[in-house]
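A.B. asks: Provided below are the primary sequence and the corresponding predicted coordinates.
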Amino acid sequence: ASFPFTMAAKYKALLAPLDLGFTTLRNRVLMGSMHTGLEGGLLKPEGLQEMAAFFEARSAGGVGLMVTGGVAPNRAGRVSPFASKLTYEWEAKRHKLVTDTVHKHGSKICMQILHSGRYAYHPWAVSASGIKSPISFFKPKPLTDAGVEQTIDDYARCAELARMAGYDGVEVMGSEGYLINQFIVNKTNKRKDRWGGSYKNRIRLPTEIVRRMRMRLGDDFIIIYRLSMLDLVEDGSSWEEIVELAKAVEDAGATIINTGIGWHEARIPTIATSVPRGAFTWVTQKLRGEVKLPLITTNRINKPDVANKVIADGHADMVSMARPFLADAEFVKKAAEDRADEINVCIGCNQACLDHTFAAQRASCLVNPIAGYEHQLKDLYDPAPVKKRVAVIGAGPAGLAAAVTAAKRGHQVTLYDKAPRIGGQFNLAKIIPGKEEFQETLDYFQRQLELTNVDVRLFHEVTKEELASAGFDEVVLATGVVPRAVDFPGANHPKCVSYLDILRGTRKAGSKVAIIGAGGIGFDVAEKLTHAGPDTSLDVDAFLEEWGVDKNVTRGGLKPAHHAKSPRTVWLLQRKPTKVGAGLGKTTGWIHRLSLKNRGVNMLKSVTYNSVDDQGLHITVDGVPQTLDVDTVVLCAGQEPLRELEDGLPSNITVHRIGGADVAAELDAKRAIKQGTVLAGSL
């Protein structure tokens, strides 16, 4: 189908069609593979509709080509015991609803075939050799020669079934440290047969998979090979080997080569918000000219101008974005219609997508809670049967989501905040090094407030009397939190300062700092206080230096890391006996811990706070008293909900609480935005 929208000239490179010879993609946008948790629902009728609704929204939103979450070619290859696989015709027929729905809107769709190898979370795991991965529970069994042959046959059969299911092609997952990677790299392949030893033998598995797929499927079927161009693990592939593999895969019959960055066990951030935009497109560009196939680049490309520049500058032929399509299904449509300022931009936080996936929950999105729930929440934005006057108090993430959603449904909304700008706690988050992306969410909401004609009243501390007399039908309290007061001798000493004062810049920290409380805010304050000079999340080369990524891609793409020195000595303290930072996000917590460790932050657990005086902070750790000679003690000991407007409003006004005003346990923007959106959808 031709591109159904007008085409903004400024994104010409991104929106240009791509001719693959036997078929044409309507633009250069690939929606990359994501484990959404919807794949497992293929066995239930409702689950099938949910998956179809998810992909339909992105197809209607203009994506050129999309790739599903990984589907295993056999039982041993499944990521977990009940993860999706495709081995029978009856399974293939169930996918038809999904593929038909996607084709209806002019997109093409490929199914990703993923064999997890030693990353499998079950005791039937297999690999090239019996070497357990550092992030797995199970030691894999080495495949026999017949087992390897059977696996190749299973891949080809799986691709045939994918075609039967209506897919336009498949993506062979050859990166991120899964089975194919485990055969390619020496450290995980100690075999002495034709599948091990020399590099030619070690790449026999991927080339045979692609060759047999092409032989059995003919020339009119897309085969994307996702190639690990930067392993980011010790003893990974060298650049010469990567080029050799790319040429071998091209000769075997691949249609497109996609870029894979980093094994799952790699200790270098690759997609978190602290990674600069487009930080790894240079590695795809390096491969251009070595093969004739179109190349796809990936990782932290979250806006149309970034994506367009990557293609216009010759780094790649296509751009893969995954999480940006959780944040906004209409990304491409809005870009094409020159409405990029209306795109809900992915901020790379991982809190509702990858963190959910690794906790075996359905993936959604912090900034777009509809993601993954398109089927259940399809009526959320329907016009309200009765138009009401709604007051939203507080313009933080919860209040913004509630105000915009209610206004979209036709309610007359007034949004109050005593601050001079919208954003609430996001205004603090965005000044933390590595969290600059949070500004994008505020820009999005600012534009939505304009488009939905919300009456925004800033610098306005609303009173109960005002609310009572203004004729509102509903009042939504999104008034947020206040820092919890601490109670120990010396808590009022001049050395003691609230995290709010530090982040707002109303108080300066000295050269020796103790931070009380190691939750998300404590880590953010430590990040802020240990940074000096320009922020590496805004500079690709500085980021690669800091984390030790080698642009020459010597073996594994690693080199010694250069960590900037902290301008302060910092202690990060917590009462709990658990690991410091245990409550941080599953997929990003290790990055925060490692980056602070690299800057020499002292992290202490099981701390009792005794007092603060001129000598410093007196604490007891595991029964041993000690004094930290500090000149600043930053208090990040939690928050209390702010609810002072709740009582005393007339009984004819319905009052709702959302966000921190409802539960202040840990500042949780994911819950706040979802609560605000769902509440406003029910008013």
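C.D. replies: Looks like it came in fine.
A.B. asks: Okay, now the unreliable bits of this structure?
C.D. replies: Across the chain, the stretches falling below the confidence threshold (pLDDT under 70) are 1-6, 40-45, 665-667.
A.B. asks: one more time with 80
C.D. replies: Scanning the chain for pLDDT under 80 picks out 1-8, 39-47, 82, 533, 646-648, 664-667.
A.B. asks: And the residue nearest to the spatial centre of it, how far from Arg300?
C.D. replies: Here the mean C-alpha position of the chain is nearest to the C-alpha of Asn350 (Cα atoms, centre = their mean), at a distance of 3.4 Å. According to Cβ to Cβ, to the nearest Å, Asn350 stands 12 Å off from Arg300. The way it works is simple: take the backbone N, C-alpha and C, and place the C-beta from them, glycine included.
A.B. asks: Quick check: neighbours shared by the two?
C.D. replies: Overlap of the contact sets of Asn350 and Arg300 (by Cβ atoms under 8 Å, 6 or more residues apart in numbering) consists of Ile271.
A.B. asks: who touches the nearest residue to Ser129 once chain neighbours are set aside in this structure?
C.D. replies: In space, and not counting its chain neighbours, Ser129 is closest to Lys190: 4.5 Å by Cβ to Cβ, 6 or more residues apart in numbering. Lys190 makes contact with 128-129, 131, 196 under the criterion Cβ under 8 Å, 6+ apart.
A.B. asks: Most widely separated two among those?
C.D. replies: Ile131 and Gly196 (12.2 Å; Cβ to Cβ).
A.B. asks: Which elements pack onto the strand of greatest length in the chain?
C.D. replies: Longest strand in the chain, counting residues (DSSP state E): strand 222-230. Packed against strand 222-230, as judged by 3 or more Cβ pairs under 8 Å, 6 or more residues apart in numbering; DSSP states H and E, are the following elements: strand 108-113, strand 169-174, helix 204-217, helix 239-252, strand 256-261, helix 281-287.
A.B. asks: And those: which comes nearest Gly581?
C.D. replies: strand 256-261 (24.5 Å).
A.B. asks: Mind giving me the packing neighbours of the closest one?
C.D. replies: Taking 3+ Cβ pairs under 8 Å, 6+ apart as contact, the helices and strands that strand 256-261 lies on are strand 222-230, helix 239-252, helix 281-287, strand 295-297, strand 318-321.
A.B. asks: What strands line up against it, and which way round?
C.D. replies: Here strand 256-261 has these sheet partners by DSSP bridges: strand 222-230 (parallel), strand 295-297 (parallel).
A.B. asks: Next, the angle strand 169-174 makes with that strand.
C.D. replies: Taking axes from the mean of the first three to the mean of the last three Cα atoms, to 10 degrees, one finds strand 256-261 and strand 169-174 inclined to each other by 40 degrees.
A.B. asks: related to what we said a few turns ago, so the residue nearest to Ser129 versus Leu114, what's the distance?
C.D. replies: As judged by Cβ to Cβ, Lys190 and Leu114 stand 23 Å apart.
A.B. asks: what about the residue nearest to Ser129, distance to Ser59?
C.D. replies: In this structure, Lys190 and Ser59 are 44 Å apart, going by Cβ to Cβ.
A.B. asks: quick one: secondary structure of Val633?
C.D. replies: Here Val633 takes the strand state, with states given by DSSP: H, G, I helix; E, B strand; the rest coil.
A.B. asks: For it, give me its contacts.
C.D. replies: Residues near Val633 by Cβ under 8 Å, 6+ apart: 493, 495-497, 513-514, 516, 612, 617.
A.B. asks: Also Arg75?
C.D. replies: By Cβ under 8 Å, 6+ apart, the residues touching Arg75 are 85, 87, 124.
A.B. asks: of all those residues, which comes closest to Tyr178?
C.D. replies: Comparing the contacts of Arg75 against Tyr178 with Cβ to Cβ picks out Lys85 as the nearest, at 14.3 Å.
A.B. asks: Sticking with Ala672, tell me its helix or strand.
C.D. replies: Taking DSSP states H and E as the definition, Ala672 sits inside helix 669-682.
A.B. asks: and that helix, how far out from the chain's middle?
C.D. replies: 20 Å (Cα atoms, centre = their mean, to the nearest Å).
A.B. asks: So for Ile131 and Gly196, which residue has more residues nearby?
C.D. replies: In terms of neighbours (other Cβ atoms under 10 Å), Gly196 is the more surrounded of Ile131 and Gly196; the figures are 18 against 15.
A.B. asks: which residue packs closest to the more buried one, ignoring adjacent ones?
C.D. replies: For Gly196, the spatially nearest residue (Cβ to Cβ, 6+ apart) is Asn189, at 5.0 Å.
A.B. asks: ditto for Ser511
C.D. replies: In space, not counting the residues next to it along the chain, Ser511 is nearest to Arg568; the distance is 5.3 Å by Cβ to Cβ, 6+ apart.
A.B. asks: got the contact list for the one you found?
C.D. replies: With contact set as Cβ under 8 Å, 6+ apart, Arg568 has these partners: 509-513, 529-530.
A.B. asks: which of those residues count as buried?
C.D. replies: By the neighbour-count criterion of 16 or more other Cβ atoms under 10 Å, the contacts of Arg568 include these buried positions: 509, 512-513, 529-530.
A.B. asks: Return the member of these nearest to Val607.
C.D. replies: Of all the buried ones among the contacts of Arg568, Val607 sits closest to Val513, with 14.9 Å by Cβ to Cβ.
A.B. asks: in what helix or strand does the closest one lie?
C.D. replies: Here Val513 is assigned to strand 512-516, by DSSP H and E.
A.B. asks: so how far is that strand from its chain's centroid?
C.D. replies: Relative to its chain's centre, strand 512-516 lies at 30 Å (Cα atoms, centre = their mean).
A.B. asks: what's that strand packed up against?
C.D. replies: Applying 3+ Cβ pairs under 8 Å, 6+ apart, we find strand 512-516 packed against helix 520-529, strand 569-573, strand 632-635.
A.B. asks: That strand pairs with which strands?
C.D. replies: Using DSSP bridges, strand 512-516 pairs in its sheet with strand 569-573 (parallel), strand 632-635 (parallel).
A.B. asks: The first one vs helix 520-529, what angle?
C.D. replies: Here strand 569-573 runs at an angle of 180 degrees relative to helix 520-529 (the same axes, to 10 degrees).
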